[in-house]
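In: have a look; sequence and predicted model below, questions after that.
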Amino acid sequence: MLEALQNNSATNIVWENAKTALKKQLGQATFNSWIKPLIYIGLENGVLKLAAPTKFIKEWVESHYGTKIRFVSNGEIKQIIIDVNAAAANMVTQQIAAIDPKVEVENNIANNIVNIASYNESIGSKIDSRFTFESFVTATSNELAFAAAKQIAEHGYVSGLNPLFLHSGVGLGKTHLMHAIANYNAEKFPERKVIYLSAEKFLHQYVRSLKERSTLQFKEQLRSADILMIDDFQFIAGKNSTQEEFFHTVTSLVESGKQLVISCDRTPSEFSDLPERMRSRLSSGLVADIHAADYELRLRILKSKAIGYNAEISDEIVTFLAQNITSNIRELEGALNRIIARATLVKSEISLDNAKSWLSDLLKIKDKQVTIEEIQEKTAAKYGIKLSEILSSSRSKNIARARQIAMFIAKNLTTKSLVDIGKMFGGKDHTTVIHACRRVEEMVATDESLAREIQVLTSQLKAC
Ligand code: ADP
Ligand code: MG
């Protein structure tokens, strides 16, 4: 039925390509929550028309993915109009019913995820049994987060750590630690009710409860947890109604002595538009940062993962990987997995030369990483201003605009945090960077030639 509906609906190559790119960029789960429910209606003169099942999804896509959709279409989509439409609502109801369990089954098979029976009941996300405290390698960069998570796992509730707010860039172990809390409790304290929810799942369940008029039940379920963990809070922040809902749940849980663990790619203070009472509530326990892994830690993690695979990988290769893949642990692990998979498939010996050639794309991308300095130089040149002016605090219109554009590109093309970007623009505050990115997003939404200009600049930077 669902497939028939999808097949019947008209489609378009530009939109299909954009969807493929979005799936890659956003990941399957986010894509399923937000992009998949959209129905294609038409594309004419750069205006893409879509239908969404609810106002909530429409607004979320507009505010979070509008710019992205325009970018991935290489300028072919200039404007997006989303209607709220009953046909889309019917379709999404079926998707929720039909696809949700299937996606989870597929994930289980793909990732060898073990479902903990009757655990999390129906509300939570699946827990990966490999993510335990034992398999987490510690160093000074992550030991505070590790110790706090372990305390919570052992005691169920620790007043000074409520909420525990785990903060780091991507791929540095936040999800691992949350799953470790769940795994530990499933083994040692099965009577405790532990709910782990990815932000996508939280939003998905919330939207569903709105549609089914069962929000009260949803909230009750959340509040019945002894330990509630919400992963990737950044996806919830900024959406007023959900944010409010989330906040009430947080407050009532914390006040009733239940433990809350939140992970996020930013600290509470970095959310400039979060109401102050929410910010202070989120910071009222412990905000634990996980910093980037240094060479030593990368090496130790690789060695421990290689033992887990029971694969013979020479020290030379492990050293090479730890030296060259520095962005985060997920990427490092991905590289190791690739080497092991290829070696198993072709049954060839794992030599350093083999490893280098199997990872050549990854290593090339790394080489091509754009630096903030390059972005500043190219943007200044493009708008005919001096580099020193981009770094200055001048409010002259041309300069301020070029600076905002450079900050926007820096946020999109590099992995630097907002705080770091601010610092590198002559010591500005991260809120200035947030403001700049917003401003550029607003401008490109209405100014096609500017959108194209930024696209061209972005591609030139990526190509250098
Ligand atoms: P995040 O949630 O911060 O984006 P994840 O928890 O998903 O990151 O971690 C990405 C991958 O890196 C996972 O496979 C995880 O097991 C691994 N990882 C991260 N940090 C460590 C660590 N300190 N020890 C062992 N594995 C780690
Ligand atoms: Mg994560």
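Out: Everything's here; your move. Here the structure is a predicted model, which means the values were calculated and not measured. Ligands and ions are numbered 1, 2, ... in the order given.
In: show me what contacts the residue minimising distance to the centre of the chain?
Out: The centre of the chain sits closest to D232, judged by C-alpha atoms, centre = their mean, with a distance of 6.5 Å. If you count contacts by C-beta atoms under 8 Å, 6 or more residues apart in numbering, D232 has them with 198-200, 263-265. Bear in mind the C-beta positions are built from the backbone N, C-alpha and C, glycine included.
In: now L359
Out: Listed by C-beta under 8 Å, 6+ apart, the contact set of L359 reads 335, 338-339.
In: so how far is G75 from it?
Out: Distance, L359 to G75, using C-beta to C-beta, to the nearest Å: 32 Å.
In: and this structure, which of its residues are near ligand 2?
Out: 174-175 (C-beta under 5 Å from the ion).
In: could you pull up the contacting residues of S283?
Out: Taking C-beta under 8 Å, 6+ apart, we find S283 in contact with 165, 267-269.
In: quick one, grab the pLDDT at it.
Out: pLDDT recorded at S283 is 90.
In: phi, psi of it?
Out: In terms of degrees, to the nearest 10, the main-chain angles of S283 are phi -90, psi 0.
In: gap between it and ligand 2?
Out: For S283, the distance to ligand 2 equals 20 Å [C-beta to the ion, to the nearest Å].
In: please apply the same query to F189.
Out: Using C-beta to the ion, we find F189 at a distance of 24 Å from ligand 2.
In: hmm, G156 and that residue touching each other?
Out: Yes. Counting by C-beta atoms under 8 Å, G156 is a contact partner of F189 at 6.7 Å.
In: quick one: low-confidence ranges for the stretch 251-400 of the chain?
Out: 310-311, 346-349, 364-368 (pLDDT under 70).
In: now do the helices in it.
Out: In the stretch 251-400 of the chain, helices defined by DSSP state H, counting those that start in this stretch lie at 276-282, 295-309, 315-324, 329-346, 352-358, 360-367, 372-382, 387-391, 397-413, listed in chain order.
In: just name the most buried of these.
Out: helix 397-413 (a mean of 21; mean count of other C-beta atoms under 10 Å).
In: what helices and strands are in contact with that one?
Out: Here helix 397-413 touches helix 372-382, helix 387-391, helix 418-424, helix 430-446, helix 448-463, going by 3 or more C-beta pairs under 8 Å, 6 or more residues apart in numbering; DSSP states H and E.
In: what does stretch 275-282 rub up against?
Out: In contact with stretch 275-282 (C-beta under 8 Å, 6+ apart) are residues 163, 165, 243, 247, 250-251, 254, 262, 268-269, 271, 274.
In: if you look at those, which of them are in strands?
Out: Among those, the members falling in strands (DSSP state E) are 165, 262.
In: what's the ChimeraX syntax to select whichever of the contacts of stretch 275-282 are buried?
Out: Buried subset of those, written as a ChimeraX selection, criterion 16 or more other C-beta atoms under 10 Å:
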select :163,165,243,247,250,254,262,268,271,274
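In: ok, the contacts of S283 vs T458, which is closest?
Out: Distances from T458 to the contacts of S283, taken as C-beta to C-beta, are shortest for T267 (27.7 Å).
In: what does the pLDDT read for the residue nearest to that closest one when sequence neighbours are not counted?
Out: Closest residue in space to T267, ignoring its immediate chain neighbours: H167 at 5.1 Å, by C-beta to C-beta, 6 or more residues apart in numbering. In this model, H167 is scored at 94, pLDDT.
In: and for H167, the neighbour number?
Out: Residues lying near H167 (other C-beta atoms under 10 Å) number 21.
In: list the contacts of it.
Out: Neighbouring residues of H167 by C-beta under 8 Å, 6+ apart: 174, 263-267, 287-290.
In: and K258, how far from ligand 1?
Out: 23 Å (C-beta to the nearest ligand atom, to the nearest Å).
In: so how many other residues sit close to that residue?
Out: Residues lying near K258 (other C-beta under 10 Å) number 19.
In: for ligand 1, what are the nearby residues on the chain?
Out: 131, 135-137, 142, 168, 170-176, 301, 329-330, 333 (C-beta under 6 Å from any ligand atom).
In: could you say what helices and strands the strand or helix carrying Y40 packs with?
Out: Assigned by DSSP states H and E, Y40 belongs to strand 39-44. When contacts are defined as 3+ C-beta pairs under 8 Å, 6+ apart, strand 39-44 packs onto helix 13-26, strand 47-52, helix 86-111.
In: need the contact list for the residue of the chain found nearest ligand 2.
Out: Across the chain, no residue is closer to ligand 2 than T175, which sits at 3.3 Å (C-beta to the ion). Counting by C-beta under 8 Å, 6+ apart, T175 makes contact with 131, 231, 263.
In: mind redoing it with 10 Å?
Out: With contact taken as C-beta atoms under 10 Å, 6 or more residues apart in numbering, T175 is in contact with 125, 128, 131, 166, 196, 198, 229, 231-232, 263, 330.
In: got it, and C437?
Out: Taking C-beta under 10 Å, 6+ apart, we find C437 in contact with 67, 404-405, 407-412, 418, 421.
In: at 6 Å instead, please
Out: Applying C-beta atoms under 6 Å, 6 or more residues apart in numbering, we find C437 in contact with 408, 411.
In: separation between it and F235?
Out: With distances taken as C-beta to C-beta, C437 is found 17 Å from F235.
In: before we move on, the earlier item: buried subset of the residues of the chain next to ligand 1?
Out: For the residues of the chain next to ligand 1, buried by 16+ other C-beta under 10 Å: 131, 136-137, 142, 168, 171-176, 301, 329, 333.
In: quick check, I409 in contact with Q376.
Out: No. Look at I409 against Q376 with C-beta atoms under 6 Å: they stay out of range, at 9.4 Å.
In: can you tell me the SS state at G238?
Out: Following DSSP: H, G, I helix; E, B strand; the rest coil, G238 is assigned to coil.
In: ok, now how distant is it from ligand 1?
Out: 19 Å.
In: and S396, by the same measure?
Out: Taken as C-beta to the nearest ligand atom, the span from S396 to ligand 1 is 40 Å.
In: make residue 1 into 322 and carry on from there
Out: That works, and once the first residue is 322, the last one we named lands at S717.
In: got the phi/psi numbers for that residue?
Out: Dihedral pair for S717: phi -60, psi 140, per degrees, to the nearest 10.
In: burial count for it?
Out: The local packing of S717 (other C-beta under 10 Å) involves 11 other residues.
In: over to E769?
Out: For E769, using other C-beta under 10 Å, the count is 14.
In: sec struct for the residue of the chain closest to ligand 2, please.
Out: helix.
In: now the closest residue to N733 other than its chain neighbours: how far from R587?
Out: Counting by C-beta to C-beta, 6+ apart, N733 lies nearest to T779, which is 7.3 Å off, once chain neighbours are set aside. Taking C-beta to C-beta as the measure, T779 falls 23 Å from R587.
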